[in-house]
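Asks: coords please:
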Amino acid sequence: MNLEADAETILARIAMLSTEHHDLDDTINKMSQSQVYNDDHLHALKKKKLHLKDEIAMLERRLHPPSH
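Replies: I've put the predicted structure just below:
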């Protein structure tokens, strides 16, 4: 796999994860506003959202490694 194809794959993954992250954020906000939710379910969604954010950051570092 060449670098350009790898970068395109990473960008596509970031886009997918970003969409999922945004959707989770909307779901969490709606649940919090409704005040009708299961605390364990809300906690699990927040944990998943954080995991997605970490994965996005890791992929972005692969695309743009820090220069020393």
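Asks: so what does the host helix or strand of residue 26 touch, helix or strand wise?
Replies: For residue 26, the enclosing helix or strand under DSSP states H and E is helix 3-34. If you count contacts as 3 or more CB pairs under 8 Å, 6 or more residues apart in numbering; DSSP states H and E, helix 3-34 packs onto helix 39-63. Just so you know, the C-beta spots here come from the backbone N, C-alpha and C atoms, and that holds for glycine as well.
Asks: pLDDT on the helix it packs on, on average?
Replies: Throughout helix 39-63, pLDDT has a mean value of 96.
Asks: one step back: state the mean pLDDT of the helix holding residue 26.
Replies: 94.
Asks: now do that helix against helix 39-63, angle only.
Replies: Put simply, helix 3-34 runs at 160 degrees to helix 39-63, going by axes from the mean of the first three to the mean of the last three CA atoms, to 10 degrees.
Asks: buried sites along helix 3-34?
Replies: Neighbour counts using 16 or more other CB atoms under 10 Å place 14, 17, 21, 24, 28, 31 of helix 3-34 among the buried residues.
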